[in-house]
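**Student:** whatever this is, show me its structure:
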Amino acid sequence: MQNKNTDKNFGFGTQIRKSPFFNATVRWGATGFSVYNHMYIPRDFGDPEKNFWNLVNDAILCDVAVERQVEITGPDAFQFIQLLTPRDLSKLSIGQCKYVLITNEQGGILNDPVLLRLGENHFWLSLSDSDILLWAQGVAVNSGLNVCIEEPDVSPLQLQGPKSREIMVKLFGENIRDLKYYWLKELELDGIPLVVSRTGWSTELGYELFLRDGSQGDRLWEMIMTVGNEYGLQPGHTSSIRRIEGGMLSYHADADIHTNPFEMGLERLVSLDSEINFIGKKALTEIYKNGVKRQQIGMEIEGDSLKGPNTVFWQVFCDNKIVGKVTSAVFSPRLNRNIALAMVDKNFSKLGLNLLVKINGQMREAKIVEKPFFDPKKSLPSS
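**Tutor:** Numbering: from 1, shown residues only. Got it, this is the predicted structure:
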């Protein structure tokens, strides 16, 4: 905790926001940041492999305040939310969360947030990296619906890992054990207002604590770290290793505005047969009818261990022809192999097919395999 780094060590400016937990993360050893949703996010607490093992063996606390919330309220809030997403929300209960897609008129993915329903007409969209606040406000202008769309004072932390439940019990009492996967509770912790959900970007057992008062960020961080000390809790950052193992989508890497849900294998999130109306329904119906030209695949890449995740897209070849690109790749120390997500021509997406990947000018052999690479039934986060 005795890290003496201060703002002068980093090139920070006022145009990019800091989270309520920023100073705490610096004290606890954050040495690198990147920008996500116009905010700084800690990306480096030392060795990323150690961060991975801290996550899968014990627990880590991550500042993910960059997951900005779009709050939608008003008499027509439910109808408006359904307009934004192709997932059928007719069975969404108050207190429940859903992973959803936001699509445009052409069926392209604009964001893949977690939707939280706090009340009959009270919703949050917990965002990945794109400006859905502006999109939603623009859609509302000509929707004819009575809604209020704002960004509230809400900043989430992620407490993830197999020991996260015991830490939560220490913080909130035994009743927190009753919180089900993808459900939420409104709670207080020593006067700090929170929404707590059984969600997280790790595919491990975990929780998100949505702070509803930014002035309390430093105190909340220190309280959690103090309680978690006996369980081996460490400050950390979202693990690229674990999320790729789990086949989790990273927006702008694995998908963007030009990617549709069917290419990603996310047809379960698109309700074409129901009577619901949503933006992009006509286009997605046509795409489904005609079939996709590309498909996301999982692959193993041969050769030496990759030195960290890829920072550029790598070309994928078959028979001397470029057939796609690697979007996310990393070495998994648990699986002891290089694993990757790639977007390839549909004709070159068959399991077991051998491909080549061009990495730093060198060709490496690769093979299409099943994804997710670990815990495909998500038994860990839902346990």
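
**Student:** so where's the longest helix in the chain?
**Tutor:** Counting residues, the longest helix found in the chain (DSSP state H) is helix 217-228.

**Student:** do you know the pLDDT at the residue positioned nearest the centre of the chain?
**Tutor:** With distances taken as C-alpha atoms, centre = their mean, residue 201 lies nearest the centre of the chain, 4.6 Å away. Note for residue 201: predicted pLDDT of 94.

**Student:** equivalent analysis for residue 337, please.
**Tutor:** For residue 337, pLDDT reads 98.

**Student:** try residue 1
**Tutor:** Listed pLDDT for residue 1 reads 44.

**Student:** what of the one 4 residues further on?
**Tutor:** Confidence per residue is given as pLDDT, and for residue 5 that number is 46.

**Student:** what do you get for residue 15?
**Tutor:** 86.

**Student:** just residue 74 next, same as before
**Tutor:** Looking at residue 74, its pLDDT stands at 98.

**Student:** doesn't residue 123 make contact with it?
**Tutor:** No: at 10.1 Å, residue 74 and residue 123 do not qualify as touching, with contact defined as C-beta atoms under 8 Å. From N, CA and C alone the C-beta is placed, and that goes for glycine too.

**Student:** those two: who's more crowded?
**Tutor:** residue 123 (24 against 16; other C-beta atoms under 10 Å).

**Student:** remind me, longest strand of this protein?
**Tutor:** strand 321-332 (DSSP state E).

**Student:** can you give me the strands in the stretch 1-150 of the chain?
**Tutor:** Using DSSP state E, counting those that start in this stretch, the strands of the stretch 1-150 of the chain run over residues 32-36, 39-44, 60-63, 69-73, 97-99, 102-103, 109-111, 114-119, 122-126, 148-150.

**Student:** can these go into CSV with extra columns for distance to residue 156?
**Tutor:** Below are the strands of the stretch 1-150 of the chain laid out as CSV (distance: least, C-beta to C-beta, whole Å):
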stretch, distance to residue 156
strand 32-36, 13
strand 39-44, 12
strand 60-63, 9
strand 69-73, 8
strand 97-99, 12
strand 102-103, 18
strand 109-111, 16
strand 114-119, 10
strand 122-126, 7
strand 148-150, 17
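
**Student:** looking at those, which is nearest to residue 52?
**Tutor:** Closest approach to residue 52 among the strands of the stretch 1-150 of the chain (C-beta to C-beta): strand 60-63, 9.3 Å.

**Student:** the closest one pairs with which strands?
**Tutor:** Using DSSP bridges, strand 60-63 pairs in its sheet with strand 155-160 (antiparallel), strand 234-236 (parallel).

**Student:** redo those strands as CSV? Include mean neighbour count, distance to residue 22 and mean pLDDT.
**Tutor:** Converted to CSV, the strands paired with strand 60-63 look like this (neighbours: other C-beta atoms under 10 Å; distance: least, C-beta to C-beta, whole Å; pLDDT from 0 to 100):
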stretch, mean neighbour count, distance to residue 22, mean pLDDT
strand 155-160, 26, 10, 98
strand 234-236, 25, 12, 98
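
**Student:** of those, which approaches residue 221 most closely?
**Tutor:** Relative to residue 221, the nearest member of these by C-beta to C-beta is strand 155-160, separated by 7.2 Å.

**Student:** contacts for the closest one, please.
**Tutor:** Residues outside strand 155-160 that contact it (C-beta atoms under 8 Å, 6 or more residues apart in numbering) are 19-21, 55, 59-65, 67, 126, 167-168, 200-202, 204-211, 214, 217, 220-221, 224, 228, 233, 238.

**Student:** first to last residue in stretch 229-241, what's the distance?
**Tutor:** Terminal residues of stretch 229-241 are spaced 24 Å apart (C-alpha to C-alpha, to the nearest Å).

**Student:** the stretch 101-250 of the chain: helices as residue ranges?
**Tutor:** 132-141, 164-172, 217-228, 240-245 (DSSP state H, counting those that start in this stretch).

**Student:** check which element follows the shortest one along the chain.
**Tutor:** What it means is helix 240-245. Using DSSP states H and E, the helix or strand that follows helix 240-245 in sequence is helix 281-290.

**Student:** enumerate the positions of that next one that are buried.
**Tutor:** 281, 283, 284, 287, 288 (16 or more other C-beta atoms under 10 Å).

**Student:** how about the contacts made by the fourth one?
**Tutor:** So the one you mean is residue 287. Contact partners of residue 287, counting by C-beta under 8 Å, 6+ apart, are 107, 260, 262.

**Student:** how much space between the second one and residue 280?
**Tutor:** From residue 260 across to residue 280, the span is 9 Å (C-beta to C-beta, to the nearest Å).

**Student:** list residues touching both of the two?
**Tutor:** With C-beta under 8 Å, 6+ apart, residue 260 and residue 280 have common neighbours 103, 107, 108.

**Student:** tell me the domain boundaries of this protein?
**Tutor:** Listed by automatic domain parsing, the domain ranges of the chain are 7-67+153-243, 69-150, 293-383.

**Student:** gap between the shortest one and the chain center?
**Tutor:** Relative to its chain's centre, domain 69-150 lies at 16 Å (C-alpha atoms, centre = their mean, to the nearest Å).
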